[in-house]
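# sequence and predicted model, in that order:
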Amino acid sequence: MAASFAFLKDVRPYKTAWRVQVKMLHSWRHYTQKTGETLEMVLSDELGKKIHASVRKDLVNLYVNRLHIDDWVFIENFGLNYATGQYRPTSHLYKMAFIPGTVVMHCDPKSDSSFLSLAKYQKIQSGELNPHMLVDVIGQIITIGELENLEANNKPTCKIDFEIRDENDERMACTLWGTLAEQVHRACENSDGSNVIVILRFMKIKAYKGVRSVTNSYDTSQVFVNSPFPEVDSFRESLPTDGLVLVPRERRPRMELVVVNNEDYQDVPRRTIEEIKNSLEVGRARLLCTIYGIDTDWAWYYISCRSCNKKVNHIHSGVHGVNNKGVKPRFWCDTCKSVVTNVVARFMLYANVMDTTGELKLLLFDSICTEIIGQSAPSVLDGSVDEIEDPDNLPDPLKNLIGKTFLFLVCIERANIWDGKDIYRVSKALLKHGGILMLENTQGTPDSMTPSSKRVYGSKDGPVDQASTSKKSCIEPIDLEKVNPDFKNEAELNKSSVESKTEGVIETKADLGKNVGETIGTTIDKADNAGPRAMVGVKVKIEKK
Ligand SMILES: [Zn+2]
């Protein structure tokens, strides 16, 4: 059997044909009304990189008996999604999803490590750590409150507050609920004056009035009291020898969040990226932004079933097995519950955009991509339904988006505000008179202006349609009012010349700077009559549908 496999740090969602070698560190069941009861796991590879994996309800029985705590396994063929939510058990950008066809094979143990990621209290308390990611901490319990019996969601539960310290006598508050509270309470009752060392695993960082502490996260968290971890032994030896004893303390108040809902989208406000990121209102906003990169971690298309339109999964013959060259590709449709071959590719694009206030990641679905690219996904793919082999090899129609500016209708969802989700969905590319607003920035700017990310396409070469100039050109954010104060005047000056040479209807409002998407008619190409006015080099182009 071939032994090749990928490390967890390298897996990306553009394909499912991965193979990893991992240790199962933790598993628990999770129930929501929408998903039913799923099997959740935390896996680690030999390098200590961890990932959250999930087996959905209808697959749990297939896999539950093959996945045991502390076992090492190969896992082959799986989906990856963004890790989202306020309770992410690992810092991995992605979460593994078992799919029909995922293979689990046992292998020899590679390491006895528990792969703890112990966080420094100071990093928790300073706010340096992302509060949406769960943390591990180790500490000696130095004060503890009463075990309180109370009600949460109409069910009786219990709660305990306590304080831990580290080897430097730094202190941190902790709160545990339910059986974990009882576990710690019991251990302290029975400690009889000896040190109580706890490892609190997969804990939630919470903040109240600027003070951060840790608490358990539903069923995900684990508590180990005086357990035989090597980490506990070395921690015990490093503790100050000042003979502290446990003392009781009082409970803290709690805080609740309230969502402000804005249903009025008749008159959608124009927002900057900074404003969108800081928004506390669910709703929609108009955003004028420039695409500076395509996130190639993700495939830019997915394959969907023609009968139900849902995403289907490639049926792989196995990463290490023979491939299916020459055979019509087969897919599994979860909705139709059958193998399908009648499929079609659709766009799903993660675009990195910017304006003068910041950067944002936008998710653009099929219809929007088709509009702004001017071509369907099957046409760009030339009929292929294969998985991507080289994610950095983007087709030209997609590369051409880089450097272009669009006015999008962007959704600000609850998850964006409350769950730390930093990807915003585009619901519409704003159209007027059959044209899409599209601006091209043709001025070269220093390299340092271009946000760079190793895996974001377009940061090296700039827009493709400028490659012929051989001049290195980069992208800078466009703020029509600030960067190009002449824009309004220029557009008005252009109005007469454009009207005379195009047949389209021009509807021009005076306040062009604020309402670009609604003021331009069919075809304006300022580069044609740029002359001395083209100082800033913003080319306005309206693509006719
Ligand atoms: Zn289907």
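Right, received. Where do you want to start?
# surely Asn309 is in a strand?
No: looking at Asn309 with DSSP: H, G, I helix; E, B strand; the rest coil, it is coil, so not inside a strand.
# begin at 21 from here
Happy to do that; since the first residue is 21 now, the last one works out to Asn329.
# and it, what's its pLDDT?
According to the prediction, Asn329 has pLDDT 84.
# what about it, how many neighbours?
Residues near Asn329, counting by other C-beta atoms under 10 Å, number 12. Every C-beta, even on glycine, is put in place using the N, C-alpha and C of the backbone.
# what separation do you get for it and the ion?
Distance, Asn329 to the ion, by C-beta to the ion, to the nearest Å: 7 Å.
# quick one: low-confidence parts of the stretch 71-220 of the chain?
Of all residues in the stretch 71-220 of the chain, none has pLDDT under 70.
# list the contacts of the residue lying closest to Ala305 once chain neighbours are set aside.
Using C-beta to C-beta, 6 or more residues apart in numbering and skipping the chain neighbours, the partner closest in space to Ala305 is Arg291 (3.8 Å). Contact analysis of Arg291 by C-beta atoms under 8 Å, 6 or more residues apart in numbering lists Ser299, Ala305, Arg306, Leu307, Val430.
# and the gap between Arg291 and Arg445?
15 Å (C-beta to C-beta, to the nearest Å).
# again with Met223
For Met223, the distance to Arg445 - C-beta to C-beta - is 31 Å.
# and Lys70, what does it touch?
For Lys70, counting by C-beta under 8 Å, 6+ apart, the contacting residues are Leu28, Leu45, Val62, Leu63, Ser64, Pro109, Thr110, Ser111, His112, Phe135, Ser137.
# what about the residue nearest to it when sequence neighbours are not counted, how many residues close to it?
Using C-beta to C-beta, 6+ apart and skipping residues adjacent in sequence, the residue nearest Lys70 is Thr110, 4.1 Å away. Around Thr110 there are 22 other residues, counting by other C-beta under 10 Å.
# Lys448 now?
16.
# can you pull the contacts of the residue nearest to Ala73 when sequence neighbours are not counted?
Nearest residue to Ala73, sequence neighbours excluded (C-beta to C-beta, 6+ apart): Met116, at 3.8 Å. Met116 is in contact with Val31, Leu63, Ile71, His72, Ala73, Ser74, Ile95, Phe98, Gly99, Leu100, counting by C-beta under 8 Å, 6+ apart.
# hey, what's the last one bridged with?
The partner list for Leu100 in beta bridges (DSSP bridges) reads Met116.
# and it, how far is that from His88?
For Leu100, the distance to His88 - C-beta to C-beta - is 23 Å.
# residue of the stretch 21-170 of the chain with the smallest distance to the ion?
Taking C-beta to the ion as the measure, the point where the stretch 21-170 of the chain comes nearest the ion is Pro120, at 12.9 Å.
# so what does that residue look like in phi/psi?
phi -60, psi 130 (degrees, to the nearest 10).
# residues near it, how many?
There are 15 residues near Pro120, going by other C-beta under 10 Å.
# doesn't Glu166 make contact with Cys178?
No: applying C-beta atoms under 8 Å, one finds Cys178 not in contact with Glu166, separated by 9.7 Å.
# so between those two, which is more surrounded?
Neighbour count, other C-beta under 10 Å: between Cys178 and Glu166, Cys178 has more, with 18 against 14.
# who does the more buried one form a beta bridge with?
In beta-bridge terms (that is, DSSP bridges), Cys178 pairs with Asn169.
# contacts only, for it.
With C-beta under 8 Å, 6+ apart, Cys178 has these contacts: Leu167, Glu168, Asn169, Leu170, Trp197, Gly198, Ala201, Glu202.
# leaving out sequence neighbours, find the closest residue to the first one.
Of all residues not flanking Leu167 in the chain, His205 sits nearest, at 4.4 Å (C-beta to C-beta, 6+ apart).
# shouldn't the one you found be in contact with Glu168?
No: with contact defined as C-beta under 8 Å, His205 does not reach Glu168; the gap is 10.1 Å.
# nearest residue to Glu190 in space, please, no chain neighbours.
Nearest residue to Glu190 in three dimensions, chain neighbours excluded: Tyr141, at 4.7 Å (C-beta to C-beta, 6+ apart).
# check contacts around the one you found.
Val157, Gly159, Asp186, Glu190, Arg191, Met192.
# OK, contacts around the second one?
In other words, Gly159. Tyr141, Ile184, Arg185, Asp186, Met192, Cys194, Ile217, Val218, Leu220.
# need the contact partners of the helix or strand hosting the fifth one.
Read that as Met192. Secondary structure assigned from DSSP states H and E places Met192 in strand 191-197. The contact list for strand 191-197 (C-beta under 8 Å, 6+ apart) reads 141, 144-145, 157, 159, 162, 172, 177-186, 203-204, 220, 223, 226, 231, 233-236, 241, 243, 272.
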